[in-house]
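Student: 3D, please:
(2 chains)
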Amino acid sequence: VTGSFSVAKVRDDAGSSPSSVVELPRGRNPDHVLLREIIEGRPAAIAELFDRYGSLVRRMLTRTLGSAHDVDDLAQETFLTVIRRCRTLRDVDAFDSFVIGVAIRVAKNEVRKRRLRRMVGLDQAVEVAAAPGHDPIAREGVRRLYLALDRLDAASRVLFVLRHVEELELTELAKADACSLATVKRRLARAEQRFEAIAAGDPVLRSFLRRQA
Amino acid sequence: MMATDAELAGRALREHVPVDSSPTAHAVERARLVSAAIEPRQDRWLPVAAIAFVTAALALALVVWQRFGSGRDALAFTVGPDVRDGQVGLYYAATADAELPLRFSDGSVVLVQPRGGVRVHRTATREVALFVETGRAQFDVVHREGARWDVAAGPYTVNVTGTAFDLDWDPETRKFGLAMRSGSVTVRGPGIETGVVVKDAERFASQVTVDVERPATPTGAAPSAVPEPATSVRAPSIKPPAPKAEPSWAELLAKGEYGSIVRAAEERGVDRTNAEASADELRVLADAARFSGRSALAQRALLAVRSRFPGTKAATGAAFVIGRQFDGSGDMRSAVTWYDRYLAEGGPLAAEAAGRKMLALRRMGDSAASRTAAADYLKRFPAGPYAQQARTIVR
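Tutor: Residues are numbered from 1 along each chain as shown, chains lettered A, B, ... in the order given. Okay, the predicted model is just below:
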């Protein structure tokens, strides 16, 4: 909701109690102001933080993990970590990267946790998001795609998704993941090679990918 | 002449993995975050051994819980007079002439009034998140220690621990009303993130308005931008709301609202947008169009950046993106042309562009040119991301 509004609170016995009207327009703060207010624990700043980055973080997590299951909780974890750690941020201009970096770490940890849960039998199978509509080929294709991604290590998987699905720039990824550009490129090249090798061994996945061309 | 498997995978996931979150769900999660963030944290130093012990105990408890206990934890609910099992996520609508009861296993009851509709978003042991999609619903929430209900209607959320109240939400007029019958609740919404406590027999009324362009107000006339207050409100000192700009395209892009950007450009007219928008707006439009699968629209925006802002960083960057677009569509000859333009203009992604150009030449079947490009790549970027592929091509 982006519009302005008015809020009023009255008593049922309005005749004996004063009415009050509060007007609360919203605005967008510059990063340094937002950061300061988050550190001060101002609720409006926390809400603005969520408004700015909520969709991005949710999208990143959903596409990295392959399903919306627990994504709301993971997004909350991401933002609570951002709020807790933002006082350590030195470069205010790097706020975007800072938030993305925290989301990357949350996603990596979750990939590892889910893998561990499957190993000890708490989860049965790789969960995947349902493709919209009832296209069984797309559904199966997406499932196999995530099975392939599941064979990458957590860091490679997150990097692969952020680069190829979210189309983040390499420089942005390096900044967010706190490593050098060369490291990101090397890791990404390795992840791509591994993915292509896995895809080459799955004719259904290959056929699905060719449909995207 | 095709995109790589990795690029195709990216395309597939963008197209087929749903990531939508409704505005109401967004409001609920925002309120949840604010509540969690402003609760006082209990950071206490504990010896490492104690932390390890507690962690191990929790892990064991989690395993036991997952194995034996999880089935009976979440609150269950039934729907309707014939007591059917309710399902999380389904929309339940009352008919025009009868109430629809939702009865929860903790004894709480939600009575959806005629023509109203609700959706239970989430249930847990002591938590319920419920959306009032439209109309009125009466809530009788049983108080339990540590229990929490989050009721959302439009952009508003109501945090409940145990109380009785009636909630009205009209998505058409965006009017929100809450009448307490007992207990207290906290209402949050845009601009009232700190929450407004409503208790006893109080009523809370609010209306969201969205800014629209209005003709200029004649001098001396009363401002007409004041939103109509809820009928129960008498507000002698109400002031017009401060003007609020529409969200920028960059903000919409950051939120993943690509469709809104594309629609805005089309409503304004694509030619007019391309002729009048700033370089930044055009780049955002191009991104939004690409992410929505509107390649042609993206390319028109990028070409507009090239022609209207020659010699700028934006124009150079546009050359790279156009190259990638042709690359993705299998038109390698055009891709190479655009990568060459980008390289000639000296953009920061030179290693990327040179590598992609080399691969495009290989896909074209021009082995001599791809070898030359590979040798050139290794000379300029010996540790670049495409160095390994370049060595293979040179060999």
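Student: how about the strands in the stretch 1-150 of chain B?
Tutor: B:77-79, B:84-85, B:91-93, B:100-104, B:109-112, B:117-123, B:127-141, B:148-153 (DSSP state E, counting those that start in this stretch).
Student: Columns mean neighbour count and mean pLDDT on top of these, output as TSV?
Tutor: Bear in mind the C-beta positions are built from the backbone N, C-alpha and C, glycine included. Shown next, in TSV, are those (neighbours: other Cβ atoms under 10 Å in any protein chain shown; pLDDT from 0 to 100):
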stretch	mean neighbour count	mean pLDDT
strand B:77-79	19	90
strand B:84-85	9	84
strand B:91-93	16	85
strand B:100-104	19	92
strand B:109-112	21	93
strand B:117-123	20	85
strand B:127-141	22	89
strand B:148-153	24	86
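Student: Need those in TSV (columns: distance to chain A).
Tutor: TSV is the format used below for the strands of the stretch 1-150 of chain B (distance: least, Cβ to the nearest Cβ, whole Å):
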stretch	distance to chain A
strand B:77-79	20
strand B:84-85	21
strand B:91-93	17
strand B:100-104	21
strand B:109-112	20
strand B:117-123	8
strand B:127-141	9
strand B:148-153	11
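Student: Tabulate those strands in TSV, adding columns for distance to A:Ser67.
Tutor: Formatted as TSV, the strands of the stretch 1-150 of chain B follow (distance: least, Cβ to Cβ, whole Å):
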stretch	distance to A:Ser67
strand B:77-79	24
strand B:84-85	24
strand B:91-93	22
strand B:100-104	27
strand B:109-112	29
strand B:117-123	15
strand B:127-141	19
strand B:148-153	22
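Student: and stretch A:205-213, does that touch chain B?
Tutor: Yes. Stretch A:205-213 comes into contact with chain B (Cβ under 8 Å from any Cβ of the partner chain), by way of A:206, A:208-210, A:212-213.
Student: which among these end up buried?
Tutor: With neighbours counted by 16 or more other Cβ atoms under 10 Å in any protein chain shown, the residues of stretch A:205-213 next to chain B contain buried members at A:206, A:208-209, A:212.
Student: For chain B, see how far away A:Ala47 is.
Tutor: Counting by Cβ to the nearest Cβ, to the nearest Å, the gap from A:Ala47 to chain B is 4 Å.
Student: for that residue, helix, strand, or coil?
Tutor: helix (DSSP: H, G, I helix; E, B strand; the rest coil).
Student: burial count for it?
Tutor: 25 (other Cβ atoms under 10 Å in any protein chain shown).
Student: Next, count neighbours for residue 75.
Tutor: Reading this off chain A. Counted with other Cβ under 10 Å, A:Ala75 comes out at 27.
Student: that's the wrong chain, I meant chain B
Tutor: Count around B:Leu75 with other Cβ under 10 Å applied: 18.
Student: Skipping its backbone neighbours, what lies nearest it in space?
Tutor: Distance criterion Cβ to Cβ, 6 or more residues apart in numbering or on different chains; nearest residue to B:Leu75, sequence neighbours excluded, is B:Thr123 at 4.5 Å.
Student: wait, what's in contact with that neighbour?
Tutor: Contact analysis of B:Thr123 by Cβ atoms under 8 Å, 6 or more residues apart in numbering or on different chains lists B:74-77, B:88, B:104, B:129.
Student: could I get the residues you listed as CSV with distance to B:Gly269?
Tutor: Formatted as CSV, the contacts of B:Thr123 follow (distance: Cβ to Cβ, whole Å):
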residue, distance to B:Gly269
B:Ala74, 51
B:Leu75, 52
B:Ala76, 53
B:Phe77, 50
B:Val88, 44
B:Phe104, 52
B:Ala129, 42
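Student: Any idea which helix or strand in the chain has the lowest mean pLDDT?
Tutor: Picked chain A for this. Ranking every helix and strand in chain A by mean pLDDT, DSSP states H and E puts strand A:20-23 at the bottom, with a mean of 33.
Student: my bad, chain B
Tutor: That would be, for chain B by mean pLDDT, DSSP H and E, helix B:48-64 at a mean of 62.
Student: For B:Ala153, which residues are in contact?
Tutor: B:24, B:131-133, B:167, B:169, B:176.
Student: try it again with 10 Å
Tutor: Contact analysis of B:Ala153 by Cβ atoms under 10 Å, 6 or more residues apart in numbering or on different chains lists B:24, B:27, B:118, B:130-135, B:137, B:167-171, B:176-178, B:187, B:189.
Student: Which element, helix or strand, includes the spatially closest residue to it that is not a sequence neighbour?
Tutor: Leaving aside its chain neighbours, B:Ala153 sits nearest to B:Trp169 (3.5 Å; criterion: Cβ to Cβ, 6+ apart). Here B:Trp169 sits within strand B:163-170, counting by DSSP states H and E.
Student: One more: B:Ala296?
Tutor: Remark: B:Ala296 resides in helix B:295-308, with elements defined by DSSP H and E.
Student: correct me, but A:Ala107 touches A:Met60?
Tutor: Yes. The pair A:Ala107 / A:Met60 is scored as a contact, 6.7 Å apart, by Cβ atoms under 10 Å.
Student: Need the overlap of contacts for those two.
Tutor: With Cβ under 10 Å, 6+ apart as the test, A:Ala107 and A:Met60 both reach A:71, A:74, A:78, A:158, A:161-162.
Student: between the residues you listed, which is closest to B:Glu246?
Tutor: A:Thr78 (27.4 Å; Cβ to Cβ).
Student: these two touch, right, the closest one and A:Thr64?
Tutor: No. Using Cβ under 10 Å, A:Thr78 makes no contact with A:Thr64, being 11.8 Å away.
Student: which residues do these two both contact?
Tutor: A:103-104, A:106-107.
Student: For the residues you listed, work out which two are farthest apart.
Tutor: Among those, A:Ile104 and A:Val106 lie farthest apart (Cβ to Cβ), at 7.4 Å.
Student: residues bridging contact with those two, i.e. touching both?
Tutor: A:60-61, A:64, A:78, A:158.
Student: In terms of pLDDT, where does residue 4 sit?
Tutor: By default, I'm working from chain A. In this model, A:Ser4 is scored at 36, pLDDT.
Student: nope, chain B
Tutor: Per the predicted model, pLDDT is 86 at B:Thr4.
Student: do the same with B:Met358
Tutor: 92.
Student: ok, the closest residue in space to it that isn't next to it in sequence - contacts?
Tutor: The shortest distance from B:Met358 to any non-neighbouring residue, by Cβ to Cβ, 6+ apart, is to B:Ala373 (4.0 Å). Shown in contact with B:Ala373 (Cβ under 10 Å, 6+ apart): B:336, B:339, B:354-362, B:366, B:386, B:390, B:393-394.
Student: Need the three-state assignment for B:Ala373.
Tutor: helix.
Student: coming back round to it: quick one, which of A:Ala107 and A:Met60 is more surrounded?
Tutor: A:Met60 (29 against 26).
Student: Checking the more buried one next. Helix, strand or coil?
Tutor: Per three-state DSSP, A:Met60 ends up helix.
Student: Look up the pLDDT of the residue nearest to it when sequence neighbours are not counted for me, please.
Tutor: Leaving out its chain neighbours, the residue that sits closest to A:Met60 by Cβ to Cβ, 6+ apart is A:Ala103, at 5.2 Å. Here the pLDDT value assigned to A:Ala103 is 93.
Student: Please apply the same query to A:Gln212.
Tutor: pLDDT, A:Gln212: 77.
Student: Touching, it and A:Arg206? I think so.
Tutor: No. Using Cβ under 10 Å, A:Gln212 makes no contact with A:Arg206, being 11.0 Å away.
Student: Between the two, which contacts overlap?
Tutor: Going by Cβ under 10 Å, 6+ apart, residues that sit against A:Gln212 and also against A:Arg206 are A:141, B:5, B:8.
Student: ok, those vs B:Val109, which is closest?
Tutor: Once Cβ to Cβ is applied, the member of the shared contacts of A:Gln212 and A:Arg206 that ends up nearest B:Val109 is A:Gly141, at 44.6 Å.
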